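**Q** structure, please.
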Amino acid sequence: MIKIKKGQLKKLTKAQEKKIPVFIDRYIKLAEKPTDRKKATKAVQNLYKFAGFEKPIVIFGASPFQTVIMVAMSKILFKGKLIKDSSQLRSQLRSQLDSQLGSQLDSQLGSQLRSQLRSQLDSQLRSINNDWWLTVWWLVWAGWYMFGKYIGVKFDNEVLKLFIDFVTNVTFIIPYKGIAFVSETPKSISWKDKVLHNETKGAVEYADGYSLYSINGVRVTKKIVKTPEKLTKNDWLKESNLEVRRIIQERMGERFVKALKAKTIQKDKYGELLEVDLENDPEKVARYVKVKDASTPRIYFLRCPPDIETAKAGVSWSFGIKESEYNPTIET
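**A** Residues are numbered from 1 along each chain as shown. Next up, the predicted model:
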């Protein structure tokens with residue numbers, strides 16, 4: 001049972017803790033739910049009204065890309081008269097509900113429980129990857145608040161309903177005074193361990209053909225996913241993001257070391273230690289261990305520190321153990 005002292009929830013049972021991801025996942029899955037335009041329009045207009053703004057016209061695009069184009073075209077056609085900067089409105093819409101619900105949640109949680117649950121929420125939020133003005137990530141908060149209600153937190157039910165209606169019907173919005181542009185939800189979303197992931201097509205795909213590409217939660221280009229055989233040394237060298245660089249390296253596979261003219265430093269039954277000269281890299285040179293997956297034909301190149309002298313040392317370093325401790329029955 002929940003221990004309550006001075007009106008605060010202090011402790012969760014094991015059964016209640018297990019319910020946290022259940023609530024989060026339940027709402028995350030709604031990101032693919034087909035858009036109901038009537039419900040979405042009503043949710044947007046109700047939110048505007050609650051925030052003290054006039055009811056807006058709501059216009060829908062098939063994808064975020066199309067929605068942004070519609071905004072740009074509207075600005076051109078109406079010469080800025082219809083759409084003006086509404087940063088204050090956007091900020092108020094984003095915070096109006098969340099600030100109230102968040103304060104109600106925090107005020108009823110003991111400090112220890114609040115800290116414990118916040119750390120779990122942070123990990124959930126980090127797993128939802130996006131670089132755009134999306135409301136889809138608020139689905140995590142929807143699950144969070146509904147879990148709070150489940151454990152006994154008392155919310156303002158009107159505000160909670162406004163929030164839930166909004167985030168479960170609108171996943172992308174560009175709001176202005178008097179008019180709001182909303183994107184339809186994706187036709188498909190590919191997840192792997194709660195991050196966006198698909199190695200053969202867009203991780204997020206919309207009906208108009210617009211796609212967002214991601215591998216293990218890292219935003220990448222269409223070329224990296226759809227045509228890895230066309231990746232070159234220049235693609236790798238010009239990429240500044242280290243995570244994307246790693247993915248390019250993996251997608252190039254055997255061609256990676258050939259493209260960078262790697263030389264063999266040492267070779268043993270654990271793999272092959274390679275060294276390549278790097279351009280635009282602080283270390284100037286890099287060492288990789290080439291290893292074969294024991295259960296598949298895949299070849300991996302594991303980057304290791306430049307002072308590694310043997311393949312075994314490189315592989316053991318990748319596992320975070322000493323070379324003397326690495327004695328596997330099956331090499332991987």
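**Q** surely Ala207 is in contact with Phe65?
**A** No. If you go by CB atoms under 8 Å, Ala207 and Phe65 don't touch, sitting 11.6 Å apart. All C-beta atoms are positioned from the backbone trio N, CA, C, and that covers glycine.
**Q** list the residues that contact both of those two?
**A** Counting by CB atoms under 8 Å, 6 or more residues apart in numbering, Ala207 and Phe65 have no common neighbour.
**Q** where are the low-confidence patches of the stretch 201-332 of the chain?
**A** Along the stretch 201-332 of the chain, segments meeting pLDDT under 70 span 279-283, 329-332.
**Q** what about the helices in it?
**A** Ranges of helices in the stretch 201-332 of the chain, per DSSP state H, counting those that start in this stretch, are 222-226, 233-238, 242-252, 254-259, 311-318.
**Q** gap between the last one and the chain center?
**A** It refers to helix 311-318. Centroid displacement of helix 311-318 relative to its chain, using CA atoms, centre = their mean, to the nearest Å, is 31 Å.
**Q** same question, the fourth one
**A** For helix 254-259, the separation from the chain centroid amounts to 30 Å (computed by CA atoms, centre = their mean).
**Q** the residue nearest to Arg245 when sequence neighbours are not counted: how many residues sit nearby?
**A** Counting by CB to CB, 6 or more residues apart in numbering, Glu239 is the residue found nearest to Arg245 once chain neighbours are left out, at 4.9 Å. Using other CB atoms under 10 Å, Glu239 has 19 other residues around it.
**Q** doesn't Ile248 make contact with Glu239?
**A** Yes. Using CB under 8 Å, Glu239 is in contact with Ile248, at 6.2 Å.
**Q** what's the most buried one of the helices of the stretch 201-332 of the chain?
**A** Most buried of those, by mean neighbour count (mean count of other CB atoms under 10 Å): helix 311-318, with a mean of 22.
**Q** check which helices and strands that one sits against.
**A** strand 263-268, strand 271-277, strand 285-292, strand 299-304 (3 or more CB pairs under 8 Å, 6 or more residues apart in numbering; DSSP states H and E).
**Q** can you name the residues in contact with that helix?
**A** By CB under 8 Å, 6+ apart, the list of residues contacting helix 311-318 reads 266-268, 270-273, 287-291, 302, 304-305, 308, 322-323, 325-326.
**Q** could you turn the buried ones of these into a PyMOL selection?
**A** A single PyMOL command selects the buried members of those (16 or more other CB atoms under 10 Å):
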select buried, resi 266+270+271+272+273+287+288+289+290+291+302+304+308+323
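**Q** and the residue nearest to Arg245, how far from Thr232?
**A** 11 Å (CB to CB, to the nearest Å).
**Q** can you check Tyr27 too?
**A** Distance from Tyr27 to Thr232, by CB to CB: 42 Å.
**Q** which one of these two is surrounded by more residues?
**A** Higher neighbour count among Tyr27 and Thr232: Tyr27, with 21 against 13, using other CB under 10 Å.
**Q** and the more buried one, what element?
**A** helix 14-28 (DSSP states H and E).
**Q** how about the helix or strand just after that helix: buried residues?
**A** Next in sequence after helix 14-28, counting helices and strands by DSSP H and E, comes helix 37-50. Within helix 37-50, the residues that count as buried by 16+ other CB under 10 Å are 40-41, 43-45, 47-48, 50.
**Q** can you tell me which two in these are farthest apart?
**A** Ala40 and Phe50 (15.8 Å; CB to CB).
**Q** against Lys263, how distant is Lys154?
**A** According to CB to CB, Lys154 stands 67 Å off from Lys263.
**Q** do Ile57 as well
**A** Taking CB to CB, one finds Ile57 at 64 Å from Lys263.
**Q** kindly report the same for Ser211.
**A** 39 Å.
**Q** neighbour count winner among the two?
**A** More crowded of Ser211 and Lys263, by other CB under 10 Å: Ser211, with 20 against 11.
**Q** contacting residues for the more buried one?
**A** Residues near Ser211 by CB under 8 Å, 6+ apart: 201-205, 222.
**Q** how about 10 Å then?
**A** Contacts for Ser211 (CB atoms under 10 Å, 6 or more residues apart in numbering) come out as 63, 65, 186, 188, 198, 201-205, 222, 225-226.
**Q** which of those count as buried?
**A** Buried among the contacts of Ser211 by 16+ other CB under 10 Å: 63, 65, 186, 198, 202-205, 225.
**Q** which residues touch stretch 257-265?
**A** With CB under 10 Å, 6+ apart, stretch 257-265 has contacts from 231-237, 249, 252, 256, 272-279, 286-290, 299, 301, 308-311, 314.
**Q** Leu212 contacts His197, doesn't it?
**A** No. At 11.6 Å, Leu212 does not count as touching His197 under the criterion of CB atoms under 10 Å.
**Q** higher neighbour count, those two?
**A** Leu212 (23 against 17).
**Q** before we move on, the earlier item: quick one: contacts for the residue nearest to Arg245?
**A** Applying CB under 10 Å, 6+ apart, the residues near Glu239 are 220-221, 224, 245-249, 280.
**Q** tell me how far Pro305 lies from Ser214.
**A** 29 Å.
**Q** one more: Thr135?
**A** 19 Å.
**Q** and what of Thr232?
**A** Counting by CB to CB, the gap from Thr232 to Ser214 is 22 Å.
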